[in-house]
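In: Just to be clear, the model below is a prediction. Sequence and coordinates:
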Amino acid sequence: MRHDGRLRHSKLALRGPVLEGDVAYLNGEVVSVEALSPLLGVPLATIKIQITNQDGALLVDGVTDVEVQFWSGSRPRCTGSAALGRC
């Protein structure tokens, strides 16, 4: 299922280097959702982000605010990849 969104703000701290040959794993957790942000007037989701390498070392952590698209009524019609369940 596809969800459109727009990055509004992020506060991320770089904790370690990403070296050539490293594998980076991004983990995200939605920690809050506002139906209508008082500051921006749009629906916002706050997501806690952590990026680790193949050894589990923390490379990046922080939070980001993403504007979430909510659809009223029926879902928008999907085309193209809808048959593959990617819409």
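Out: Arrived safely, thanks for sending. Numbering: from 1, shown residues only.
In: hey, what's residue 9 bridged with?
Out: residue 65 (DSSP bridges).
In: Local confidence estimate at it?
Out: Residue 9 carries a pLDDT value of 88.
In: repeat for residue 61
Out: Note on residue 61: pLDDT of 96.
In: That one and residue 4, how far apart?
Out: 25 Å (C-beta to C-beta, to the nearest Å). To be clear about C-beta, it is placed using only N, CA and C from the backbone, and glycine gets the same treatment.
In: So which of these two has more stuff around it?
Out: residue 61 (16 against 9; other C-beta atoms under 10 Å).
In: That one touches residue 50, doesn't it?
Out: Yes - in this structure, residue 61 is within contact of residue 50 by C-beta atoms under 8 Å, at 4.7 Å.
In: for this protein, what spans make up the strands?
Out: For the chain, the strands defined by DSSP state E occupy 5-14, 25-34, 44-52, 58-68.
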